[in-house]
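**Q** please find the sequence and the predicted model below.
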Amino acid sequence: MVRRALGNHHVGPDTLLVTSDLAKQTESVTESVAEETDPRGELTGLVRGARYVLFDFDGPICRLFAGRPAARIAQEQVAWLDAQGLGDALTEAERADTDPHSALRSLGLQRPSSDLVVEMEKRLTDQELRAVPTAWPTPYADPLIRTWSAIDAKLAITTNNSPEVARTYLEGRGLSLCFEPHIYGRTQNLELLKPDPYCLNRALNAMGAAPATALMIGDTPTDLYAAQAAGVAFLGYARNEDKKRKLREAGASQVIDSLQELLDILLNRV
């Protein structure tokens with residue numbers, strides 16, 4: 001029983017009676033509203049509702065170029081094009097881009113299936129393979145992958161890196177069985193690099209997955225755009241503020257900076 005302060009304590013018209021049923025209803029509504037407006041609740045629903053999980057490779061699973069910086073690889077790609085007399089094929093922005101795929105994507109669009117594109121793609125694959133031994137595992141990626149696989153979620157790799165590179169890394173970490181045979185990456189048809197949803201659609205089709213039951217985890221706007229084009233929910237992973245800003249500006253509504261959050265959700269720690 002709750003009373004207004006009246007100076008005396010008689011029970012009369014000014015007394016507010018709250019029944020236990022009403023209190024329970026009020027509490028239930030409050031919790032429901034909190035869940036709807038709580039980003040953590042949205043993240044929990046996203047993770048626990050995913051039957052199929054599509055991982056980008058370089059970023060959410062490892063830092064492939066931790067020992068051999070990606071910017072250096074990108075510069076070597078530009079220098080190689082210059083040596084072939086094709087430096088003019090790149091814009092100034094593409095020449096300055098630190099993404100090793102930038103120059104390759106541009107040349108692939110201009111000269112699809114040419115011998116030059118095939119050679120350049122092979123050179124990048126060789127560089128990626130050389131980077132595997134010095135790649136840094138993303139914190140919590142290994143236990144997250146094993147846990148998600150153990151609770152019967154189906155996992156796939158959908159990457160702009162070479163599938164051979166992803167497979168080599170996963171075998172070295174003892175993770176390949178969590179993904180095989182669903183490792184989809186760069187082909188010599190460079191028009192199909194993300195943001196094109198080609199590799200995501202390949203994964204969905206091969207696993208027999210409806211897009212609404214799948215979740216993609218990526219660290220770049222191109223991952224987000226590919227997920228949107230495939231009709232798949234997207235979760236951004238950002239290891240630094242710059243990546244977080246770019247994902248937010250691209251329209252990602254859910255961005256995390258540690259995979260531990262996902263592992264805690266799967267293990268019912270939160």
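**A** That came in fine, so what should we check first?

**Q** drop to CA atoms for contacts and neighbour counts, all remaining ones
**A** OK.

**Q** and the pLDDT for Arg4?
**A** According to the prediction, Arg4 has pLDDT 38.

**Q** the stretch 101-250 of the chain: strands as residue ranges?
**A** Taking DSSP state E, counting those that start in this stretch to define them, one finds strands in the stretch 101-250 of the chain at 136-137, 154-158, 183-184, 214-218, 233-237.

**Q** same list, these, but as TSV with distance to Ala103, mean neighbour count and mean pLDDT please.
**A** Below are these laid out as TSV (distance: least, CA to CA, whole Å; neighbours: other CA atoms under 10 Å; pLDDT from 0 to 100):
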stretch	distance to Ala103	mean neighbour count	mean pLDDT
strand 136-137	25	18	97
strand 154-158	20	26	98
strand 183-184	21	24	98
strand 214-218	21	25	98
strand 233-237	24	23	98
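
**Q** now render the ones you listed as TSV, adding distance to Ala70.
**A** TSV is the format used below for those (distance: least, CA to CA, whole Å):
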stretch	distance to Ala70
strand 136-137	13
strand 154-158	19
strand 183-184	21
strand 214-218	17
strand 233-237	18
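
**Q** of all those strands, which one is nearest Gly41?
**A** Closest to Gly41 of the strands of the stretch 101-250 of the chain is strand 233-237 (CA to CA; 13.8 Å).

**Q** any idea of the angle that closest one forms with strand 214-218?
**A** Calculated by axes from the mean of the first three to the mean of the last three CA atoms, to 10 degrees, strand 233-237 forms an angle of 20 degrees with strand 214-218.

**Q** what packs against strand 233-237?
**A** strand 214-218, helix 221-230, helix 241-250, strand 255-256 (3 or more CA pairs under 8 Å, 6 or more residues apart in numbering; DSSP states H and E).

**Q** pick the most deeply packed of these.
**A** Among these, strand 214-218 has the highest mean neighbour count (mean count of other CA atoms under 10 Å), at a mean of 25.

**Q** what lines up beside that one in the sheet?
**A** Paired strands of strand 214-218, with direction, are strand 52-55 (parallel), strand 233-237 (parallel) (DSSP bridges).

**Q** got those as JSON lines, with distance to Ile151 columns?
**A** As requested, the strands paired with strand 214-218 are exported to JSON lines (distance: least, CA to CA, whole Å):
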{"stretch": "strand 52-55", "distance to Ile151": "11"}
{"stretch": "strand 233-237", "distance to Ile151": "19"}
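
**Q** who wins for proximity to Cys199 among these?
**A** strand 52-55 (9.9 Å).

**Q** okay, Glu191: pLDDT?
**A** Per-residue confidence at Glu191 stands at 88 (pLDDT).

**Q** grab the nearest non-local neighbour of it.
**A** On the basis of CA to CA, 6 or more residues apart in numbering, the spatially nearest residue to Glu191 that is not a chain neighbour turns out to be Leu109, at 6.1 Å.

**Q** now the helices and strands packed on strand 233-237 in JSON lines, with distance to Ala203?
**A** Compiled in JSON lines, the helices and strands packed on strand 233-237 are given as follows (distance: least, CA to CA, whole Å):
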{"stretch": "strand 214-218", "distance to Ala203": "10"}
{"stretch": "helix 221-230", "distance to Ala203": "11"}
{"stretch": "helix 241-250", "distance to Ala203": "23"}
{"stretch": "strand 255-256", "distance to Ala203": "23"}
